[in-house]
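Undergrad: Next come a sequence and a model predicted from it.
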Number of protein chains: 2
Amino acid sequence: MKAQLGTDEGKHKFVLKTPKGTRDFGPKEMAIRERAFKAIISCFKRHGAEVIDTPVFELKETLTGKYGEDSKLIYDLKDQGGELLSLRYDLTVPFARYLAMNKITNIKRYHIAKVYRRDNPAMTRGRYREFYQCDFDIAGQFDPMIPDAECLKIVHEILSDLQLGDFVIKVNDRRILDGMFAVCGVPDSKFRTICSSVDKLDKVPWEEVRSEMVGEKGLSPEAADRIGEYVQLHGGLDLIEQLLQDPKLSQNKVAKEGLGDMKLLFEYLTLFGITGKISFDLSLARGLDYYTGVIFEAVLLQQENEHVEEPLSVGSVAGGGRYDGLVGMFDAKGRKVPCVGVSIGIERIFSILEQRLEASEEKVRTTETQVLVASAQKKLLEERLKLISELWDAGIKAEMLYRKNPKLLNQLQYCEETGIPLVAIVGEQELKDGVVKLRIVATREEVKLSWTCSDLNLIEAVECFHVMSPLGDF
Amino acid sequence: MKAQLGTDEGKHKFVLKTPKGTRDFGPKEMAIRERAFKAIISCFKRHGAEVIDTPVFELKETLTGKYGEDSKLIYDLKDQGGELLSLRYDLTVPFARYLAMNKITNIKRYHIAKVYRRDNPAMTRGRYREFYQCDFDIAGQFDPMIPDAECLKIVHEILSDLQLGDFVIKVNDRRILDGMFAVCGVPDSKFRTICSSVDKLDKVPWEEVRSEMVGEKGLSPEAADRIGEYVQLHGGLDLIEQLLQDPKLSQNKVAKEGLGDMKLLFEYLTLFGITGKISFDLSLARGLDYYTGVIFEAVLLQQENEHVEEPLSVGSVAGGGRYDGLVGMFDAKGRKVPCVGVSIGIERIFSILEQRLEASEEKVRTTETQVLVASAQKKLLEERLKLISELWDAGIKAEMLYRKNPKLLNQLQYCEETGIPLVAIVGEQELKDGVVKLRIVATREEVKLSWTCSDLNLIEAVECFHVMSPLGDF
């Protein structure tokens, strides 16, 4: 066996690691992850979403032609005979495939699962090749901007709930962008590639983006400069009104539609009371090809005690938009199902929660064990096994040391280390009296409780303690 | 875009499907799946387990040499430059890699995740190429058979809790099998391959297994016949005692060790009160190479209203065993960490729960929405948006139709279809009076409640109704 592994000296050295761009989650990280998931899932459920799941891989052709310039980051499986497969790149394309395949025209669902991108990960900034996405989408033909507004409300609720600090949700519309490109003199055929350039504005300065547009992508300098003026605009209802009066933009049909809907969206967001965190931002473009209407992205604003280079935004934690054409791409007759959705970028959120927890020195419990079954003397293994079995059967979360004759001190230490609040101590004298000692670890208080099959006083006591000091609350 | 997809007539036809051996889970299936997960996770937590997660793929060489004849079923990723990767085949090898990599010598953890096998799936019997495993493992140097007994207790608790019908947990020990092979005259070099043959006994008759041993694997007919006598034995403590007296087996050192531990195991299982469902079965072999001690497998026994070919067992739903050498295979110095664990085969369990639910015609709710915010007249969209926003902010699970002017009848019908128990109706007169009508869908009872920012009487009423008739309880 060892030879097969190649660990013998002189041979190929076996490397003990996870694949590049991935990581394990140990118990402590999982406890943090579950805390974040809990907040996100309860928000999705609060908004009446159902839940679905799809396979981790799709037919390669299902993913083809959906991601624009990012398609090169898709992981393919080896051709081992049979179908050609790729790992999913996001949850949106599998969702569209699911809708088309099952002829579903109306659903509100969430999906939390891992996606895969062969990116060059900057892992310190919380970016990985394998990472979770938490998606909420509304599919169906509805009156304009009502589902879109709900998606933004959801982002607002989740980011507020997780207390990640101050944030802003940038909003734009692909129709406004397209109209803007048109009035700036960008040829139709270059809309998507120029859009990709604009998308980089959150990472690189305008000068660099401009030179990519003109140099690499062959746009005229005049058109680029006109774009440059628009993309520095951001604001609220006032900016929408201003652009509706813009002599060029207001003459463009799609831009006008986009601006009209943006106004409606802001009215609904006002009713939701969340416009304070929303910024209509003409530089927001989003990389993916499939968006057709509203697009948005939430970024966290600088925290006081965080050391980052950027002066203001410290990274996107949620994004999404409307994609009315994607489902139709999977339908033989091209039947469309309008969709709008949001994806929560949970990895960045984990990193922040992890950092904060480390700073706070709060001790994270990684189990929910209520009671340790211990013994005061030797030769009481059988009694411990019998008692713990009864506790388990009564639904009590219980542990014991896997030793025949553990020392009482070691058993008490185990409770201190792992945060188990109660110890049920089996002793010779107590056995004779038909009782068990229940000890509260924190206060060292002890109480004797009867332990017979008919009178499980002990179970009641453990449960009562659990209710009084909720341990699972974390 | 369409051209890229190849959907144009005359061209290659795009196939709308999930990859072979995989499936989507829609909202109804997910509701069932979550029910099963809930039972399993609460059992794992009751036994004090922490939780971990590992990447879906591993370095290819991490999986090499661990699975014996099944290695051919591993999915490899395409070589796109960089490391060679494979999808995980189970959760046990990644767990061992995780322990060795982080030098962990002591942990009790569970891990619930999907694993991948390029098998020829018989999907009607609940077997897939992508499927969930729910693993619970105890790693560490402990006194014999205490953790092993807990694993069996866990299987017993979960199968009882899920009410899947009658079951039996077959138990054996690799050391007993190896001793048996030795005394039957199987050469050392053939132990593992003969073990693989014995493993097929749950699917094919002895005659076929015998001819594989003798024909394909070159075992002497006499040795095969001697094995044939042993593998038909199954029983309890009495059989263990009988074999401890067996003139040949009792002379074999490893067999004797295995039998001694089996006796100890049965003593502990007696204290747990579960020996009624345990069968010491010499035909149980388990396919995987890495087991070194106790092995076990739980099978469901025939249900009355199920149409299956097999007369008795309808398939394995859990399995596991002790693997004391696996972690050492990853350690440069070969340091061992003894482990024992159990894997719950959740897919087969889903199939049974699905069938049962279909038969029962019970209606499964796929959301937890408590209240629909509706309007009695037209032009009340703004008021609905304002009310639902306040409900969400108060933690109430609320929905509304995404229409400007939905008909009241349609809104009530939506509640009937999706099982929403309450409707909060906004009406012109009520708005003037500062109230909202709350209607119980099932009884059509209505009550008027005040709705002002300072006096959110409505929220209390919805929450009170929720407590009185727990909807999330499903």
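TA: Looks like it came in fine.
Undergrad: Now the element after the host helix or strand of residue A:209, going C-ward?
TA: Here residue A:209 sits within helix A:206-211, counting by DSSP states H and E. Next helix or strand after helix A:206-211 toward the C-terminus (DSSP H and E): helix A:221-230.
Undergrad: Looking at that following helix now, give me its mean pLDDT.
TA: Across helix A:221-230, pLDDT averages out at 96.
Undergrad: what residue ranges in the stretch 101-250 of chain A score low on pLDDT?
TA: Along the stretch 101-250 of chain A, the model assigns pLDDT under 70 to residues A:121-126.
Undergrad: Which residue is it, in it, that comes closest to chain B?
TA: Closest residue of the stretch 101-250 of chain A to chain B, Cβ to the nearest Cβ: residue A:142 (3.6 Å). C-beta: built from backbone N, CA, C; applies to glycine.
Undergrad: how near is that residue to residue B:248?
TA: Residue A:142 is 77 Å from residue B:248, where distance means Cβ to Cβ, to the nearest Å.
Undergrad: can you check residue A:81 too?
TA: Distance check for residue A:81 against residue B:248: by Cβ to Cβ, it reads 46 Å.
Undergrad: any idea how far residue A:449 lies from residue A:399?
TA: Residue A:449 is 19 Å from residue A:399, by Cβ to Cβ.
Undergrad: neighbour-wise, which of these two wins?
TA: residue A:399 (25 against 18; other Cβ atoms under 10 Å in any protein chain shown).
Undergrad: Nearest residue to the more buried one in space, ignoring adjacent ones along the chain?
TA: residue B:48 (3.8 Å; Cβ to Cβ, 6 or more residues apart in numbering or on different chains).
Undergrad: On the three-state scheme, the one you found is what?
TA: State at residue B:48, reduced to three classes by DSSP: H, G, I helix; E, B strand; the rest coil: coil.
Undergrad: ok, residue A:81 and residue B:248, which is more surrounded?
TA: Using other Cβ under 10 Å as the criterion, residue A:81 and residue B:248 rank with residue B:248 on top: 15 against 6.
Undergrad: Give me the neighbour count for the closest residue to that one other than its chain neighbours.
TA: In space, and not counting its chain neighbours, residue B:248 is closest to residue B:183: 4.3 Å by Cβ to Cβ, 6+ apart. When neighbours are defined as other Cβ under 10 Å, residue B:183 has 20 of them.
Undergrad: now do residue A:287
TA: 15.
Undergrad: from what I can see it touches residue A:197, true?
TA: No - contact criterion Cβ atoms under 8 Å: residue A:287 and residue A:197 do not qualify, at 10.4 Å.
Undergrad: follow-up on the earlier one: who are the contact partners of the residue of the stretch 101-250 of chain A closest to chain B?
TA: The contact partners of residue A:142, by Cβ atoms under 8 Å, 6 or more residues apart in numbering or on different chains, come to A:338, B:402-403.
Undergrad: switch to 7 Å and redo it
TA: Taking Cβ atoms under 7 Å, 6 or more residues apart in numbering or on different chains as the contact definition, residue A:142 lies against B:402-403.
Undergrad: Can you classify it by secondary structure?
TA: coil.
Undergrad: Could you report the distance from it to residue B:374?
TA: Residue A:142 is 16 Å from residue B:374, by Cβ to Cβ.
Undergrad: any idea how far residue A:291 lies from residue A:450?
TA: On the measure of Cβ to Cβ, residue A:291 and residue A:450 end up 67 Å apart.
Undergrad: Look up phi and psi at residue A:23.
TA: Main-chain dihedrals, residue A:23, degrees, to the nearest 10: phi -150, psi 160.
Undergrad: Please report how far it lies from residue A:91.
TA: In terms of Cβ to Cβ, residue A:23 sits 20 Å off from residue A:91.
Undergrad: Comparing these two, which residue is more hemmed in?
TA: residue A:91 (25 against 17).
Undergrad: number of nearby residues for residue A:368?
TA: With other Cβ under 10 Å as criterion, residue A:368 counts 19.
Undergrad: Which pLDDT value goes with it?
TA: Note on residue A:368: pLDDT of 95.
Undergrad: likewise the one 4 residues further on?
TA: We have a pLDDT of 97 for residue A:372.
Undergrad: Pull the CA coordinates from the helix or strand containing it and hand them back as PDB.
TA: Using DSSP H and E, residue A:372 maps to strand A:371-375. The C-alpha trace of strand A:371-375 is given here as PDB (Å, rounded to 0.1, in the frame of the first residue of the first chain):
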ATOM      1  CA  VAL A 371     -24.000  16.600  29.800                       C
ATOM      2  CA  LEU A 372     -21.000  14.400  30.300                       C
ATOM      3  CA  VAL A 373     -21.600  11.000  31.800                       C
ATOM      4  CA  ALA A 374     -18.700  10.500  34.200                       C
ATOM      5  CA  SER A 375     -17.700   8.000  37.000                       C
END
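Undergrad: ok, is it in contact with chain B or not?
TA: No - Strand A:371-375 lies apart from chain B when judged by Cβ under 7 Å from any Cβ of the partner chain; the minimum separation is 8.7 Å.
Undergrad: Quick check: can you list the domain ranges of chain A?
TA: According to automatic domain parsing, chain A comprises the domains A:27-360, A:371-468.
Undergrad: now, of those domains, which is deepest in the fold?
TA: For the domains of chain A, average neighbour numbers computed from mean count of other Cβ atoms under 10 Å in any protein chain shown are highest in domain A:27-360, which has a mean of 19.
Undergrad: Can you give the distance from that domain to the centre of its chain?
TA: Centre-to-centre, domain A:27-360 and its host chain are 13 Å apart (Cα atoms, centre = their mean, to the nearest Å).
Undergrad: and it, how far apart are its ends?
TA: Domain A:27-360 has an end-to-end distance of 18 Å (Cα to Cα, to the nearest Å).
Undergrad: what's the distance between residue A:357 and chain B?
TA: Taking Cβ to the nearest Cβ, to the nearest Å as the measure, residue A:357 falls 16 Å from chain B.
Undergrad: hmm, who's touching the strand or helix carrying that residue?
TA: For residue A:357, the element it lies in under DSSP H and E is helix A:346-360. With contacts defined as Cβ under 7 Å, 6+ apart, helix A:346-360 is touched by A:29, A:32-33, A:35-36, A:126-128, A:131-132, A:134, A:162, A:164, A:315, A:317, A:364.
Undergrad: which residues sit in contact with residue A:424?
TA: A:371, A:373-374, A:387, A:436, A:438, A:458.
Undergrad: How far does the helix or strand it falls within sit from its chain's centre?
TA: Per DSSP H and E, residue A:424 falls inside strand A:422-426. With Cα atoms, centre = their mean as the basis, strand A:422-426 stands 40 Å off its chain's centre.
Undergrad: Export only the CA atoms of it, formatted as CSV.
TA: Taking Å, rounded to 0.1, in the frame of the first residue of the first chain, the C-alpha atoms of strand A:422-426 are listed here in CSV:
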residue,chain,number,x,y,z
LEU,A,422,-23.3,19.5,33.2
VAL,A,423,-21.7,16.3,34.5
ALA,A,424,-23.7,13.3,35.6
ILE,A,425,-21.5,11.4,38.0
VAL,A,426,-22.0,7.7,38.6
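Undergrad: if we can go back for a sec, now do the contacts for the residue nearest to residue A:399.
TA: For residue B:48, the contact set (Cβ under 7 Å, 6+ apart) comprises A:367, A:369, A:397, A:399, B:108.
Undergrad: Now do it against residue B:41, distance only.
TA: 13 Å.
Undergrad: Repeat that for residue A:80.
TA: According to Cβ to Cβ, residue A:80 and residue B:41 sit 34 Å apart.
Undergrad: and if you look at residue A:138?
TA: Counting by Cβ to Cβ, the gap from residue A:138 to residue B:41 is 29 Å.
Undergrad: which other residues reach stretch A:376-390?
TA: Defining contact as Cβ under 7 Å, 6+ apart, one finds that stretch A:376-390 is touched by A:373, A:375, A:398, A:400, A:404-405, A:408, A:424-428, A:431, A:436, A:451, A:456, B:153, B:268, B:271-273.
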